[in-house]
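S.K.: With the sequence up front, the predicted model follows.
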Amino acid sequence: MDEITTIPSKLEFLIQLLNVTSGIIVIYCLFSMPTQLIRRFRRKWNGKAVSPISLIFKKILKGWLLALLILVPTSSLLTYSVLNETGAEPGHIFAVIVTQSIIGNILTSFFYGYVFIKINKSKWSYSAKEEKSDGTVVEPTLDDLVSALKKHINEYVNVNGVQPKSIMIDYNIHTMFFEHGIYKINGFDSIKFIPSANISDSINQGLSWKVIN
């Protein structure tokens, strides 16, 4: 009997641990999300590079789905095991799993997903991709990026006598330029810009764009 009753108690402990972890994550997100929004607004206001909103939504969606695939099955299994060991009716077990483990974890999974993408921010966030030189951090502003692109195009014109027809450009930079109307403002309408995720965004190395025609 002691061994049998120990199993549910251990599972109940795991459920409580999961609930406490979820609570901590939710509280963290409630503080972190507004902070990130304020930081994004300040960077954009100061003309610094920010990640495209479409990219952020995609990352949040992926993180949310990943958290759902992990959290819902785990919670459902633990809940089923505890209730089954305590002799609960199948109908009651089903109702608890649906309402608590599945429906109850849909919003919680969103917060878990936010934490996932926050942890991996350095791998996808444009503002987090900072080039280090002599121990200092270089953060190119929007004006820096525009000036670098103009210089790149002018150098091509000086050599070839005409503007390039097509330029492959970093996806994040392309989205940012498009949102700010940079192409139209600077008369780049005649050039076809092709966004790509395979180009480094290092301005100093000249790898943010590449003429491909």
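M.R.: Everything's here; your move.

S.K.: Next, the buried residues of the host helix or strand of residue 58.
M.R.: If you go by DSSP states H and E, residue 58 is part of helix 53-85. Within helix 53-85, the residues scored as buried using 16 or more other C-beta atoms under 10 Å are 55-56, 59, 63-64, 67-68, 71-72, 75-76, 78-83. No exception for glycine: its C-beta is placed from N, CA and C like everyone else's.

S.K.: now stretch 150-169
M.R.: Judged by neighbour count (16+ other C-beta under 10 Å), stretch 150-169 contains these buried residues: 152-153, 156, 163-164, 167-169.

S.K.: of the residues you listed, closest to residue 41?
M.R.: Distance to residue 41, by C-beta to C-beta, is smallest for residue 169 among the buried residues of stretch 150-169, at 25.2 Å.

S.K.: Pairing partners for the helix or strand hosting the closest one, with directions?
M.R.: Taking DSSP H and E as the definition, residue 169 sits inside strand 166-170. Under the criterion DSSP bridges, strand 166-170 sits next to strand 192-196 (parallel), strand 209-211 (antiparallel) in its sheet.

S.K.: Kindly report which one of those strands carries the lowest mean pLDDT.
M.R.: Lowest mean pLDDT within the strands paired with strand 166-170: strand 209-211, at a mean of 63.

S.K.: Per-residue pLDDT of the residue nearest the centre of the chain, please?
M.R.: Centroid-nearest residue in the chain: residue 59, 3.7 Å away (criterion: C-alpha atoms, centre = their mean). Note on residue 59: pLDDT of 83.

S.K.: Would you confirm that it contacts residue 117?
M.R.: Yes. Applying C-beta atoms under 8 Å, one finds residue 59 in contact with residue 117, separated by 4.6 Å.

S.K.: How is this structure partitioned into domains?
M.R.: According to the TED database, the chain comprises the domains 8-126, 142-212.

S.K.: Of those domains, which shows the lowest average pLDDT?
M.R.: Across those, domain 142-212 has the smallest mean pLDDT, namely a mean of 75.

S.K.: what's the angle between the lengthiest helix in the chain and helix 53-85?
M.R.: Longest helix in the chain, counting residues (DSSP state H): helix 2-45. The directions of helix 2-45 and helix 53-85 differ by 170 degrees, with axes from the mean of the first three to the mean of the last three C-alpha atoms, to 10 degrees as the criterion.

S.K.: Mind giving me the packing neighbours of helix 2-45?
M.R.: Helix 2-45 sits against helix 53-85, helix 104-119, with contacts defined as 3 or more C-beta pairs under 8 Å, 6 or more residues apart in numbering; DSSP states H and E.

S.K.: Perfect, I'm done here.
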